[in-house]
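[1] coords please:
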Amino acid sequence: MAGGLVALLDDVAVLARAAAASIDDVGVAAAKAGAKAAGVVIDDAAVTPQYVRGLAAERELPIIKRIALGSLRNKFLIILPVILLLSQFVPWLLTPILMLGGAYLCFEGAEKVWAKVSGHGGHDDEAAKDEKTLVSGAVRTDLILSAEIMVITLNEVIDEPFWSRLAILAVVALLMTVVVYGAVALIVKMDDAGLKLSDGPGAVASFGRGLVKAMPKVLTFLTVVGTAAMLWVGGHILLVGTDELGLHFLYETVHHVEEAAHDATGTLGGVVGWLVNTIFSAILGLIVGALIVVIMTYTIHRKKDGHAPEKKDGHASEAAEPAPAPAAEARQADEDETRPV
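    You can find the predicted model right below:
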């Protein structure tokens with residue numbers, strides 16, 4: 001009996017060590033895969049602050065919390081199940097679906113550029129007052145960026161067994177959400193921290209006042225970076241996607257220019273090469289996004305023009321409704337005739 005118990009305990013110890021090693025492997029794999037998606041994570045952190053800009057201070061953190069919860073729902077209830085099933089059964093569908101998301105990002109970025117250039121940005125200010133609209137827009141954008149993060153992660157662990165893939169993707173999803181929205185919360189509350197510091201002594205107060213003055217400029221800068229990030233990420237998704245679908249011309253052209261810039265700039269080659277790829281991706285994103293904006297605008301105007309005659313007819317019919325007047329006049333005439341003189 002004692003020997004059997006010792007053997008059982010020994011087996012349990014072996015299983016525990018194996019489980020610990022497995023968890024450690026998942027952590028290492030998640031860290032490596034997450035590092036590959038770091039660029040998109042930075043873009044996500046740059047995009048989000050624009051959704052809370054201009055809001056009352058007490059509304060900022062609750063809205064960021066709602067967006068973060070929406071991001072977790074995106075990752076765990078939509079993206080994670082979908083990409084695991086697709087990677088298991090129809091992996092070829094991942095690229096076209098991701099490209100549709102990339103096109104949406106391009107559209108959002110180009111729309112913001114057009115609003116800035118044309119001066120018709122009032123719609124954003126109105127939307128900012130409606131928390132439901134604001135949060136739903138932020139969560140939609142997060143869905144695309146999160147999908148990009150998760151697909152990049154999946155590509156790094158595609159050879160792992162199914163359950164290992166699931167564990168690694170879940171760890172990355174949770175960590176990325178905490179990192180992105182934790183950073184966003186810190187950014188948008190820096191001015192409040194500055195206000196509190198401004199009540200302190202000497203140098204602390206000066207630092208606090210400087211922080212308060214700097215934060216509007218920082219948030220404006222992040223809004224610009226966020227819009228550029230939409231165009232860059234969306235364009236990069238399309239660039240890589242077209243290459244994976246067999247249309248190599250665009251990707252190879254950008255890759256050759258990137259390599260030439262890398263080789264020509266020595267120790268700065270890595271940074272310059274990345275900038276070249278980013279700029280070309282952003283240009284592609286702006287072109288595609290602008291085309292979608294034009295198509296959407298044209299479609300909306302056509303619908304409005306198509307309904308216009310119906311409205312006119314409707315008004316005409318409404319105007320025609322008071323027409324019983326002649327009948328009333330006839331009745332009045334009959335009464336006059338029968339009235340005694």
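[2] contacting residues for the most centrally placed residue in the chain?
    Centroid check for the chain by CA atoms, centre = their mean gives residue 141 as the closest residue, at 2.0 Å. Residues near residue 141 by CB atoms under 8 Å, 6 or more residues apart in numbering: 47, 105, 108, 230. From N, CA and C alone the C-beta is placed, and that goes for glycine too.
[3] What residues of the helix or strand where it lies count as buried?
    Following DSSP states H and E, one finds residue 141 within helix 131-156. By neighbour count with 16 or more other CB atoms under 10 Å, helix 131-156 contains the buried residues 134-135, 137-139, 141-154, 156.
[4] okay, the residue nearest to the centre of the chain: pLDDT?
    pLDDT, the model's per-residue confidence, is 84 for residue 141.
[5] Distance-wise, check it relative to residue 176.
    According to CB to CB, to the nearest Å, residue 141 and residue 176 sit 15 Å apart.
[6] cool, residue 285 as well?
    22 Å.
[7] ok, now residue 158?
    Distance of residue 158 to residue 176, computed by CB to CB: 18 Å.
[8] Looking at the two, which one has more neighbours?
    residue 176 (25 against 10; other CB atoms under 10 Å).
[9] Go ahead and measure how far stretch 106-113 is from the middle of the chain.
    Computed by CA atoms, centre = their mean, to the nearest Å, the separation of stretch 106-113 from the middle of its chain amounts to 12 Å.
[10] Stretch 52-66 now?
    Averaging C-alpha positions (CA atoms, centre = their mean) puts stretch 52-66 17 Å from its chain's average.
[11] Run through who's touching it.
    48, 51, 125, 128, 131, 134-135, 181, 184-185, 188-189, 191-192, 219, 223.
[12] Stretch 284-294 now?
    Contacts of stretch 284-294 (CB under 8 Å, 6+ apart): 102-103, 105-111, 113-114, 230-236, 238-239, 250.
[13] Show me which positions of that stretch end up buried.
    Quick answer for stretch 284-294 (16+ other CB under 10 Å): 284-286, 288-290, 292-293.
[14] do stretch 97-113 as well
    For stretch 97-113, the neighbour count (16+ other CB under 10 Å) marks 98-99, 101-113 as buried.
[15] quick one: which of the residues you listed is nearest residue 172?
    residue 98 (16.4 Å; CB to CB).
[16] Contacts for the host helix or strand of that closest one, please.
    Per DSSP H and E: residue 98 is located in helix 94-118. Contact with helix 94-118 is made by 83, 86-87, 120-121, 123-124, 140-141, 143-145, 147-148, 151, 154, 227-231, 233-238, 241-242, 244-245, 285-286, 288-290, 292-293, 296, as judged by CB under 8 Å, 6+ apart.
[17] ok now it, how far from the chain's centre?
    10 Å.
[18] low pLDDT regions in this protein?
    1-46, 48, 50, 53-54, 120-129, 306-341 (pLDDT under 70).
[19] what are the ranges of the helices in it?
    2-36, 38-47, 57-73, 80-89, 94-118, 122-129, 131-156, 162-188, 190-197, 202-244, 249-264, 269-320, 325-338 (DSSP state H).
[20] picking that back up, next, format the buried residues of stretch 284-294 as CSV and append distance to residue 59.
    Converted to CSV, the buried residues of stretch 284-294 look like this (distance: CB to CB, whole Å):
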residue, distance to residue 59
284, 36
285, 31
286, 32
288, 34
289, 29
290, 33
292, 31
293, 30
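[21] Tell me the one among those nearest to residue 93.
    Once CB to CB is applied, the member of the buried residues of stretch 284-294 that ends up nearest residue 93 is residue 288, at 20.6 Å.
[22] separation between the closest one and residue 298?
    For residue 288 relative to residue 298 (CB to CB), the value is 16 Å.
[23] now swap in residue 143 and tell me
    26 Å.
[24] again, but for residue 226
    As judged by CB to CB, residue 226 and residue 298 stand 27 Å apart.
[25] on that earlier part again, return the closest of the buried residues of stretch 97-113 with respect to residue 271.
    Distances from residue 271 to the buried residues of stretch 97-113, taken by CB to CB, are shortest for residue 109, at 23.0 Å.
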